[in-house]
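# just coords:
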């Protein structure tokens, strides 16, 4: 008899949090953005029902905080009850965000919600058609960090069932605050068929099989560090062998970078620049699938209702002078006109930020070539490129993130450090140094 098991693997729902956007929008648009996470959660529940799954895995950070939020908890429990009506079980661990959440202190939990203990690894068994079919092991977080290698105590019984392990981890080495473990350690663990991971907000195929190791990512991006559509994974096993993993897009709101190069473009004024920006947006949006590359041939889509845009304008040309003429005024003008021109019946396309990385021409080409051949320029360029490598970026991001934590905001996502921001700062520093050394500065 075939043992076919189908489940959905999701994580990092963060119910109770909100998307980050400017406040200069209508009430209708703000409501759409504020409810984006709830819509994504509802879409997840619908996918569970439509795909006739056996159970749902939730690998941590279901709530954004362990502080009691009645609204967030009610949304979560309502979804669980809908699955209970369809006889769909839920297996869940908590993560670093919801580790202290007392889920049943305010609202009764439905019987189909199985939460793993935070004290020790716990084994649960799933029965299908009256027969034990799946062993599931997991351990919830007991605090906002978990520095112990709790996975080492995941011991499966000696039987021939499908073995699934849930773990909320950064998947880093020994110094990790979120379960220190490496890919090699997970793939070497005996008897595990599928590692259902959480914590990383982008979907990742860590290992495709034997054992399968996957991060599903979050279900809805909340800032420009979380672009593309969020979603979950639809996983099928047949006789304990992995048959298929499909990405289910769940979010209808995305964050999106639009890159505009002004080099060799004849731009007379702001209207010409805006026309170029709109043209770049339309071509980028038309060609983009918004699905992670690793799943572009195996996914279920979700229509985009709202896109929050960050324009990154690069290159050299006359438009650089236009942008610098009155930077604040220019940004306000472009933002207003872009929002007016791009929003239509097909959706809202909202400008959140315009980043100017252009270079105004303060030297003629002959002098510029001489500068680029100089030892000073080469040293500056080496330093800049060194700082842009992955290891240095991680160090810079960590240091700047720690500094930002001293501000008055209680929201850890209020200020996001990403590669675009660091590159922007380094490019500006390079230009200012060259201006100071070779002219064009004040």
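Everything's here; your move. A quick note: this is a predicted structure, and the numbers were derived from the prediction, not measured. Numbering: from 1, shown residues only.

# what's near enough to touch residue 294?
Neighbouring residues of residue 294 by CB atoms under 8 Å, 6 or more residues apart in numbering: 203, 204, 205. Placement of C-beta: from N, CA and C, glycine included.

# run the last query once more with 10 Å
203, 204, 205, 208, 245, 247 (CB atoms under 10 Å, 6 or more residues apart in numbering).

# close enough to count as contact, the fourth one and residue 245?
What it means is residue 208. Yes - here residue 208 reaches residue 245: they are 8.2 Å apart, a contact under CB atoms under 10 Å.

# intersection of neighbour lists for the two?
In contact with both residue 208 and residue 245: 214, 294, using CB under 10 Å, 6+ apart.

# neighbour count winner among the two?
residue 245 (20 against 12; other CB atoms under 10 Å).

# Now do the SS call for that one.
Following DSSP: H, G, I helix; E, B strand; the rest coil, the label given to residue 245 is strand.

# start at 134 instead
Fine by me, first position is 134 from now on; the one you just mentioned is residue 378.

# how near is it to residue 362?
Relative to residue 362, residue 378 is positioned 16 Å away (CB to CB, to the nearest Å).

# do the same with residue 517
Counting by CB to CB - residue 517 and residue 362 are separated by 33 Å.

# what does residue 166 give?
Taken as CB to CB, the span from residue 166 to residue 362 is 15 Å.

# between those two, who's got more neighbours?
Neighbours per residue (other CB under 10 Å) separate residue 166 from residue 362, with residue 362 holding more: 26 against 19.

# Thought residue 438 was touching that one, still the case?
No - applying CB under 10 Å, one finds residue 362 not in contact with residue 438, separated by 11.4 Å.

# which neighbours do the two share?
384, 385, 386, 387.

# Now the two most distant members of the residues you listed.
Spatially, the most separated pair among the shared contacts of residue 362 and residue 438 is 385 and 387, at 8.2 Å (CB to CB).

# Mutual contacts of the two, please.
169, 353, 362, 435, 437, 438, 439, 440.

# Please list the members of those residues that lie in strands.
439, 440 (DSSP state E).

# and residue 396, what helix or strand is that in?
Taking DSSP states H and E as the definition, one finds residue 396 inside no helix or strand.

# Tell me how many other residues surround residue 147.
So residue 147, with other CB under 10 Å, has 25 neighbours.

# Relative to residue 190, how far out is the nearest residue to it once chain neighbours are set aside?
Leaving aside its sequence neighbours, residue 147 sits nearest to residue 197 (CB to CB, 6 or more residues apart in numbering; 4.2 Å). Taking CB to CB as the measure, residue 197 falls 19 Å from residue 190.

# Equivalent analysis for residue 517, please.
Counting by CB to CB - residue 517 and residue 190 are separated by 43 Å.

# check contacts around residue 373.
136, 138, 266, 267, 293, 294, 295, 296, 326, 327.

# Out of those residues, which end up buried?
The neighbour count (16 or more other CB atoms under 10 Å) marks 136, 138, 266, 267, 294, 295, 296, 326, 327 as buried among the contacts of residue 373.

# Could you check which of residue 517 and residue 190 has the larger neighbour count?
residue 190 (26 against 15).

# show me where the stretch 334-483 of the chain has helices.
403-420, 451-458, 460-475 (DSSP state H, counting those that start in this stretch).

# Cool, thanks, talk later.
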